[in-house]
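*Asks:* Prediction below, plus the sequence it came from.
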There are 2 protein chains.
Amino acid sequence: MRELTIEQAASLLKNKDNIIVLMHKSPDGDAVGCAYGLSLALRAIGKKAEPLCGDEIPKDYDFITNIFEHQEFEPEFVVSVDLATTALLSGKAAEFSEKIDLCIDHHASNTGYAKEGYVDGKIASCAEIVMEVIKCFLPDITKEIADALFTGICTDTGCFKYASVSPSTHRAAAELMEYGADSKYICRRIFDTKSKEKLAMERMILDTLIYDSDGKIALVCITKEIMEKSGALQGDTDGIAAIPRQIEGVKIGVTLKEKENGEYRFSVRTGDEIDASSICKNFGGGGHRAAAGCTIFADFETAKEKMLIACRQALEENA
Amino acid sequence: MRELTIEQAASLLKNKDNIIVLMHKSPDGDAVGCAYGLSLALRAIGKKAEPLCGDEIPKDYDFITNIFEHQEFEPEFVVSVDLATTALLSGKAAEFSEKIDLCIDHHASNTGYAKEGYVDGKIASCAEIVMEVIKCFLPDITKEIADALFTGICTDTGCFKYASVSPSTHRAAAELMEYGADSKYICRRIFDTKSKEKLAMERMILDTLIYDSDGKIALVCITKEIMEKSGALQGDTDGIAAIPRQIEGVKIGVTLKEKENGEYRFSVRTGDEIDASSICKNFGGGGHRAAAGCTIFADFETAKEKMLIACRQALEENA
């Protein structure tokens, strides 16, 4: 992949038309915000442009998608946003895997799959980069674009809470609010709204909480029964893995999710001391130091006990 | 109260010594951050200065208070920060109620109790104002001051979520991070850490959740039994009132807290449509349009039913 500057990426877009903007599967706020924000900006300078995702866009973001009118055209130029690897493309978006002209991303692990690209792994959200690109060809960002990009920033930073947040993240948020981004509405919608079903699910999951190793390990279970009884959606379980880890004194937070036919998906979250990915490697999984995952095929009690043994061992090695 | 500019408030402080900085009772992060941050800044220019609160500072803020060495001196000048009215002073701080020389505040409802003051009711946190004052006499804000002021901003805005957040809030946060504020640590400590007892309390409170009026009203109870069984602290209930309101479709969220001898404290939270303060006025309480409170003396079921009747009526009037 040839590395471009922000300005070169912008002028490339300015010289093209009929542009497809690809999002990764299970799209989050940053993917949606970047793809819709960039498409709107390209349309504002007279291009045809269309975001494309293989999966459905979660309804949390309908304030971005509902006001968007779709266009039909023969694609001539393909951009990806917030996409670390083409392995994360699904459905119709995956058909463009080999044909990505330009990549704009903030993952240090970006595989360099595009012809040309701008990648900065130190930026908290891809939306901050997309904003800089847009400003090169559209000085007056509209309220709709600002809303989309602000959504990207605040979702990828847990509303400005994560370690990745830098002074420039806050400055980008300030600038987008001046362009009209409705911070109050977006934050409320995304961070302070829960369905009755999701709350019921959380309540039942809290009932499964167990502590181990003098409270240094906490484990919660998302069983099929809880999902059925509560009526919660699959996407509603996204934030659950953070719950056991945020308990005072807990060094390893484990979330077990029951799938079909004796398959149990584990999410492991740790603080600075313990390496979550090495715990998950015992079971063929992996991830980052603070957040990793793996799958164990067994009955419920065996799967849970296997994971707890691996966690206790990690604690001992660290003692 | 004579109104000062930021610069005048700063030069007043520069010309005084042996300064007491008052905090309101039940101090929150903004009160603590402003009082400790300002005291540290005054010490940095050679003054004696000491924060004063009638109540204990919650241990959430021990990263600010633990590194602070106390000084003894005869007070010569008294400043209040984040204090709307002297009615909110308690204990030793209340002894200075009539002797406040300078007030720095962000409450539009400030009663003008001080000799001189700077009050801006449009600013999201008092810490943003205190930062501007400090910058007038101390251009190089230290990491410790920055941590204290950043804590003020993020706690008073629900980590940049509330309606009060403006572009200048984000810019102040960016500036404080550049002065060394540890956003990652502070946000994690305040927003992503829960004691085992607090989590146990939340779980029991969720078990009390009831819906009324087709899910437009949600009510939770904090009973004495829950507080005893969970072992949670009184301060742990602070965020509970937000839970019923954030449920999708709920227009009125009610939290009932059982006190001694048949006293029930109600917190009422509403969206844009319903006026919470008018509901609470039925019972001699009050507050803001979106957040209000009142007390009902009765047995548990009667108190709950009285409140539900008032809420149903508010819904009907709004229908």
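*Replies:* Received, thanks.
*Asks:* Please count neighbours and contacts with C-alpha atoms only from this point.
*Replies:* OK.
*Asks:* Make sure residue A:303 is indeed in a helix.
*Replies:* Yes. If the criterion is DSSP: H, G, I helix; E, B strand; the rest coil, then residue A:303 is within a helix.
*Asks:* And it, how close does it get to chain B?
*Replies:* Counting by Cα to the nearest Cα, to the nearest Å, the gap from residue A:303 to chain B is 25 Å.
*Asks:* Tell me how many other residues crowd the residue nearest to residue A:197 when sequence neighbours are not counted.
*Replies:* Once flanking residues are discounted, residue A:197 sits nearest to residue A:232: 4.8 Å by Cα to Cα, 6 or more residues apart in numbering or on different chains. Here the number of neighbours of residue A:232 (other Cα atoms under 10 Å in any protein chain shown) works out to 19.
*Asks:* Can you pull out the residues in contact with stretch A:225-237?
*Replies:* Stretch A:225-237 has contacts (Cα atoms under 8 Å, 6 or more residues apart in numbering or on different chains) with A:197, A:198, A:200, A:201, A:204, A:205.
*Asks:* how about a cut-off of 7 Å?
*Replies:* If you take Cα atoms under 7 Å, 6 or more residues apart in numbering or on different chains as the criterion, stretch A:225-237 is touched by A:197, A:198, A:200, A:201, A:204.
*Asks:* so what secondary structure elements neighbour the lowest-mean-pLDDT helix or strand in chain A?
*Replies:* Within chain A, confidence by mean pLDDT, DSSP states H and E is lowest for strand A:286-287 among all helices and strands, at a mean of 82. The elements that strand A:286-287 packs onto, with contact taken as 3 or more Cα pairs under 7 Å, 6 or more residues apart in numbering or on different chains; DSSP states H and E, are helix A:276-281, strand A:291-297.
*Asks:* what distance separates it from the centre of its chain?
*Replies:* 16 Å (Cα atoms, centre = their mean, to the nearest Å).
*Asks:* Give the partner strands of that strand in its sheet and their orientations.
*Replies:* Sheet pairing of strand A:286-287 (DSSP bridges) gives strand A:291-297 (antiparallel).
*Asks:* which of the residues in the partner strand are buried?
*Replies:* For strand A:291-297, the neighbour count (16 or more other Cα atoms under 10 Å in any protein chain shown) marks A:291, A:292, A:293, A:294, A:295, A:296 as buried.
*Asks:* Now residue A:62, what are its backbone angles?
*Replies:* Dihedral angles of residue A:62 (phi, psi; degrees, to the nearest 10) stand at phi -70, psi -20.
*Asks:* next one: residue A:209
*Replies:* Residue A:209 adopts backbone torsions of phi -60, psi 130, taken as degrees, to the nearest 10.
*Asks:* That one: what's it in contact with?
*Replies:* Contact analysis of residue A:209 by Cα under 7 Å, 6+ apart lists A:218, A:219, A:220.
*Asks:* what's the distance between it and residue B:309?
*Replies:* 36 Å (Cα to Cα, to the nearest Å).
*Asks:* neighbours around residue A:92, how many?
*Replies:* Residue A:92 has 13 neighbours, counted by other Cα under 10 Å.
*Asks:* Please disregard the earlier target; I meant residue A:192.
*Replies:* 16.
*Asks:* Leaving out chain neighbours, which residue sits closest to it?
*Replies:* Leaving aside its sequence neighbours, residue A:192 sits nearest to residue B:246 (Cα to Cα, 6+ apart; 5.4 Å).
*Asks:* Closest one to chain B out of the contacts of residue A:209, please.
*Replies:* Chain B lies nearest to residue A:218 out of the contacts of residue A:209, by Cα to the nearest Cα, at 10.1 Å.
*Asks:* Let me know whether my guess that that closest one is in a strand holds.
*Replies:* Yes. Checked against three-state DSSP, residue A:218 lies within a strand.
*Asks:* Give me the spatial nearest neighbour of residue A:208, chain neighbours excluded.
*Replies:* residue A:220 (5.4 Å).
*Asks:* per-residue confidence averaged over stretch A:126-144?
*Replies:* Stretch A:126-144 comes out with an average pLDDT of 97.
*Asks:* and it, is it in reach of chain B?
*Replies:* No. Using Cα under 7 Å from any Cα of the partner chain, stretch A:126-144 never reaches chain B; the gap is at least 14.4 Å.
*Asks:* residues making contact with that stretch?
*Replies:* By Cα under 7 Å, 6+ apart, stretch A:126-144 touches A:6-7, A:9-10, A:14, A:30, A:33-34, A:38, A:41, A:82, A:105-106, A:149, A:152-153, A:172, A:179-181.
*Asks:* buried subset of the residues you listed?
*Replies:* By 16+ other Cα under 10 Å, the contacts of stretch A:126-144 give A:6-7, A:9-10, A:14, A:30, A:33-34, A:38, A:41, A:82, A:105-106, A:149, A:152-153, A:172, A:179-181 as buried.
*Asks:* Please name the bridge partners of the residue nearest to residue A:208.
*Replies:* Beta-bridge partners, per DSSP bridges, of residue A:220: residue A:255.
*Asks:* Contacts only, for it.
*Replies:* Residue A:220 neighbours (Cα under 7 Å, 6+ apart): A:205, A:206, A:208, A:209, A:210, A:244, A:254, A:255, A:256.
*Asks:* And the third one, its phi and psi?
*Replies:* Pointing back at residue A:208 there. Dihedral angles (degrees, to the nearest 10) for residue A:208: phi -90, psi 0.
*Asks:* quick revisit: look up which helix or strand the residue nearest to residue A:197 falls in, please.
*Replies:* For residue A:232, there is no helix or strand it lies in under DSSP states H and E.
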